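Chemist: Here is my input, please return the structure:
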Amino acid sequence: MKPRMKARAILPMTLLTAMAVAACGGDDDGDGPQTFDDDAYPFTFEYPADFEVTDDVNFSVEAGGSLEDSRAVALDEENMLILSRTTLNLAIDDSNIDLAKGEMDQLYQQIDPESEPGQESEYGGYTSLEYEVSVDTPPDGTSRIVSLFDGDQQYTINCQSTPDSQEEIDDACQQALDTLSQA
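Modeler: Next up is the predicted model:
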């Protein structure tokens, strides 16, 4: 069993009013990809074997709501995939994604005034919005943030990296999104 890692997360973003993060887990059986699989999330995905699941996540910036819980699939204390779940005041789907997009565009513009408006996408059967944001903590950090919508639940995967680990985090993030499937 791996020792517990304390991760430092930066951008737990949310959409409307409340923010919550759910637990996660993984199996560790060697050098191949590991699987994120937790009852608190309605999906699974693969991540690199050298990443570690942790529930010891500290946020230095919170925007859009208050956290109930947090988990990360972490390479180290600053480079990780941060998972969160938010209960929204309104169910979001393809018919009203513009409501979510408008609010989220404003929220991310406050964090990074040069960020582009969100891009609508779909991962694992979920309507989603995707953002690229520059952050100050970690220094010169970046986040690729994907919010998945499932009724009144917003699941966010924040792929946060420092310049030195950006390629590794980008690859792990893409692996997670490419293998994301409903449980």
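
Chemist: Please identify the helix or strand for the most centrally placed residue in the chain.
Modeler: Centroid-nearest residue in the chain, with Cα atoms, centre = their mean: Ile157, separated by 1.6 Å. Taking DSSP states H and E as the criterion, Ile157 maps to strand 141-161.

Chemist: what does Glu77 give?
Modeler: Using DSSP H and E, Glu77 sits within no helix or strand.

Chemist: All the strands of the chain, in order from the start?
Modeler: In the chain, strands defined by DSSP state E lie at 6-9, 34-37, 43-47, 52-54, 56-59, 71-74, 80-92, 119-123, 126-135, 141-161, 181-182, listed in chain order.

Chemist: Enumerate every residue touching Asp171.
Modeler: Pro48 (Cβ atoms under 8 Å, 6 or more residues apart in numbering). C-beta here means a position set from N, CA and C on the backbone, and glycine is covered the same way.

Chemist: Roughly how far does it sit from Lys101?
Modeler: 27 Å (Cβ to Cβ, to the nearest Å).

Chemist: Also Gln153?
Modeler: From Gln153 to Lys101 the distance is 17 Å (Cβ to Cβ).

Chemist: Kindly report the same for Val146.
Modeler: 13 Å.

Chemist: before we move on, what about Asp38?
Modeler: For Asp38 relative to Lys101 (Cβ to Cβ), the value is 28 Å.

Chemist: hey, which helix or strand in the protein has the poorest pLDDT?
Modeler: strand 6-9 (a mean of 44; mean pLDDT, DSSP states H and E).

Chemist: can you count the residues close to the residue nearest to Arg144 when sequence neighbours are not counted?
Modeler: Closest residue to Arg144 apart from its sequence neighbours, by Cβ to Cβ, 6 or more residues apart in numbering: Cys159 at 4.3 Å. By other Cβ atoms under 10 Å, the residues close to Cys159 number 24.

Chemist: now do Asp150
Modeler: Neighbours around Asp150, by other Cβ under 10 Å: 20.

Chemist: For it, list each beta-bridge partner.
Modeler: Taking DSSP bridges as the rule, Asp150 bridges to Gln153.

Chemist: Does Asp40 touch Ser84 like I think?
Modeler: For residue 40 the amino acid is Ala, not Asp. No. Counting by Cβ atoms under 8 Å, Ala40 stays clear of Ser84, with 10.7 Å between them.
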